[in-house]
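Novice: please work out how this folds:
(2 chains)
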Amino acid sequence: MISVSKYNEIMEHIELTDEMRERIISNVSAKQKRRRISRMISAALGAAACIVVVFGAVTVMKNTDSMNKKPDKPTVNEQLTSTPIVDDTLTYGGTSYNSAAELSKDFGVEIHDISKLPFDVMNASYSIMFDSFAEADYYGKNGEDCCFRVGKDTENITGEYYEFTTVETEKLSGIDITLKGYGDSYHIASWVKDGHFYSVSLSRGTDKDNLLEIADEVMN
Amino acid sequence: MELALQDNSLSPTGIVRRIFLAIYSFAALPFAKKRSVAKTDSQEQYLRVIMDKYGSRLLRLAYSYLHNMQDSEEILQDALMKLLDKAPVFESDEHEKAWLMRVTANLSKNRIEYNKLRAADELKDELVAEERQDLSFVWDAVKELPENYREVIHLFYEEGYQTDEIADILGESGANIRTRLKRAREKLREILKEEYDFCEQV
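Specialist: Below you'll find the predicted structure:
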């Protein structure tokens, strides 16, 4: 009897190579992307079907109303003309704004742009989602992005459900900042201040000092 | 009546507005809440960590069922897809590993059941090329075992799981696993004779 069986020796011949790893990552990412697109299309089709039904109902109501029209009362058609149905400030599930100042004013919490991001910002968007949190998104030219959120209350609205290998807590101005990432690459900083939950989430990780600098900039 | 018409919320337009908002919110909810899924870079890094930790183990387990590298690679890929889709919360590394082992085993068994497998056995070719007749003889013997014997042999000898842990992973009773392990050893001993080197401890 020997300590390492021949079976173990046989299995040592099977190794995940770098080439296989890269191929798998690329395939999984492509499949995930296709699924996301397919889900978005399904949701959009569902929403479009609902809109058709609603328009059908409005048309029926309009026709019924026209038949019973009284001179001293505006028709449904007049109301539709005077009040646009689709407001161009609406984004899905929320309202969009042109700047951090506008967002801050409407949400009632001080929010300002982040200048210490680890990439050059090419584009930014601001919105209030589901009336529960304000969000500022910054996009870089190479596909990087940063999502900054402030909640109405202390509920965790980070929106990140991955299991990170690095989870640490650091103190900044007496507040506990939770940092998450993989190894030395940090992706998320979150904290609670003055009854609001804050999170900064980077698609591409950065070092701990940079993420703390960003958190410090947001806090002050 | 005039007042009612001035109040948008009670008018047909107000109702339509509210319905629109509800539809927009409903349709967007999954994307807003799962925003992280769209973060390809984080996802890639997570996959790299998982593959560094368990990639070779999962590949070997799949190979023990399928005897083909391409099929095994696809199983590993599918197992990772499941991990991203389900996003389970693990209590420990052991829990995470056992979950991935179970998913890989189930996917491999499904592949055997529903799909025609590829004929190539790269491992056998490699052992022959290395002129390791002793190893290729053992590998042939293991391949001859029924699938439910092979999985127990692999999880016990390669992964070092105890029979009760194997039972948890495969969703069977410990007694069942012990019986299968005993029969698998008997069968291997019968085929391998002096080449038999499987430790008999349970």
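
Novice: run the chain-centre distance for the strand ranked longest in chain A.
Specialist: In chain A, taking DSSP state E as the definition, the longest strand is strand A:196-206. Here the centre of strand A:196-206 is set off from its chain's centre by 11 Å, with CA atoms, centre = their mean, to the nearest Å.

Novice: partner strands of that strand, with direction?
Specialist: Partners of strand A:196-206 in the sheet, by DSSP bridges, are strand A:145-151 (antiparallel), strand A:185-193 (antiparallel).

Novice: helix or strand next in line after it, which one?
Specialist: helix A:208-219 (DSSP states H and E).

Novice: who touches that next one?
Specialist: Helix A:208-219 has contacts (CB atoms under 8 Å, 6 or more residues apart in numbering or on different chains) with A:112, A:114-118, A:148, A:168, A:170, A:172-173, A:175, A:177, A:179, A:184, A:186, A:189, A:191, A:193, A:198, A:200, A:202. In short, each C-beta sits where N, CA and C put it, glycine included.

Novice: list buried residues within the residues you listed.
Specialist: Buried residues within those, defined by neighbour count using 16 or more other CB atoms under 10 Å in any protein chain shown: A:114, A:117-118, A:148, A:172, A:177, A:179, A:186, A:189, A:191, A:193, A:198, A:200, A:202.

Novice: let me know the closest of those residues to chain B.
Specialist: Nearest to chain B among the buried ones among the contacts of helix A:208-219 is residue A:202, at 8.6 Å by CB to the nearest CB.

Novice: for stretch A:53-69, what is the average pLDDT?
Specialist: Stretch A:53-69 comes out with an average pLDDT of 74.

Novice: swap in stretch A:5-16?
Specialist: For stretch A:5-16, the mean per-residue pLDDT is 91.

Novice: again, but for stretch B:192-201
Specialist: Mean predicted confidence for stretch B:192-201 is 77.

Novice: with stretch A:125-133 instead?
Specialist: pLDDT averaged over stretch A:125-133 gives 84.

Novice: now it: buried residues?
Specialist: Buried positions in stretch A:125-133, judged by neighbour count with 16+ other CB under 10 Å: A:126-129, A:133.

Novice: one more: stretch A:131-151?
Specialist: A:133-140, A:144-151.

Novice: just give me the least confident of those.
Specialist: residue A:144 (79).

Novice: so what's the residue count around the residue nearest to that residue when sequence neighbours are not counted?
Specialist: Closest residue in space to residue A:144, ignoring its immediate chain neighbours: residue A:119 at 4.5 Å, by CB to CB, 6 or more residues apart in numbering or on different chains. Using other CB atoms under 10 Å in any protein chain shown, residue A:119 has 18 neighbouring residues.

Novice: list the contacts for residue A:119?
Specialist: Contacts of residue A:119 by CB under 8 Å, 6+ apart are A:140-142, A:144, A:146, A:204.

Novice: packing partners of the longest helix anywhere in chain A?
Specialist: Longest helix of chain A, by residue count under DSSP state H: helix A:18-67. On a contact count with 3 or more CB pairs under 8 Å, 6 or more residues apart in numbering or on different chains; DSSP states H and E, helix A:18-67 meets helix A:76-82, helix B:12-33, helix B:40-66, helix B:69-86.

Novice: quick one: the helix or strand just after the last one to helix B:69-86, angle?
Specialist: So that's helix B:69-86. Counting by DSSP H and E, the next helix or strand C-terminal to helix B:69-86 is helix B:93-114. With axes from the mean of the first three to the mean of the last three CA atoms, to 10 degrees applied, the angle from helix B:93-114 to helix B:69-86 works out at 120 degrees.
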